[in-house]
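Student: Mind looking at a prediction? Sequence and model below.
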Amino acid sequence: MGSMEKNIKERTEWIEISCDNVKRYQFGDYPELIYIIKTGFENKYIVVNEDAYEYNVGNSKLMTKQKIERIYNIELDI
């Protein structure tokens with residue numbers, strides 16, 4: 001068992017907390033989704049891919065708001 005895993009298991013349990021820093025978008029009628037997560041850092045977002053074909057599941061990118069809006073043609077409000 002790795003030291004991080006050991007520390008997590010010995011210290012506490014994970015609890016679910018509410019969040020308002022995640023948005024989910026679907027690409028038209030295609031089975032492709034992106035999740036946009038606002039991090040705790042200024043102008044830093046994580047974009048996570050999910051698709052029914054499992055080509056890009058879990059792929060993630062760290063981006064700025066401006067880059068996300070330009071590449072995905074969406075307007076972020078988080």
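Tutor: Cool, got the structure. Numbering: from 1, shown residues only.
Student: Quick check: which ranges of this structure have low pLDDT?
Tutor: Regions of the chain meeting the criterion pLDDT under 70 cover residues 1-9.
Student: all strands of it, in order?
Tutor: Taking DSSP state E as the test, the strands found in the chain are 22-26, 32-38, 45-51, 60-63.
Student: Show me the one of those strands that comes nearest residue 73.
Tutor: Of all the strands of the chain, it is strand 22-26 that lies closest to residue 73, at 10.2 Å by Cβ to Cβ. Every C-beta, even on glycine, is put in place using the N, C-alpha and C of the backbone.
Student: possible to save the strands of the chain as CSV with distance to residue 78 and mean neighbour count?
Tutor: CSV is the format used below for these (distance: least, Cβ to Cβ, whole Å; neighbours: other Cβ atoms under 10 Å):
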stretch, distance to residue 78, mean neighbour count
strand 22-26, 6, 12
strand 32-38, 5, 17
strand 45-51, 8, 16
strand 60-63, 13, 14
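Student: Could you list the residues in contact with stretch 25-43?
Tutor: 21-24, 44-53, 56, 64-66, 68, 72, 74, 76, 78 (Cβ atoms under 8 Å, 6 or more residues apart in numbering).
Student: partners of the closest residue to residue 24 other than its chain neighbours in the sheet?
Tutor: Take residue 24 and drop its neighbours on the chain: the residue closest to it by Cβ to Cβ, 6 or more residues apart in numbering is residue 35, 5.3 Å away. As for beta bridges, residue 35 partners with residue 24, residue 48 under DSSP bridges.
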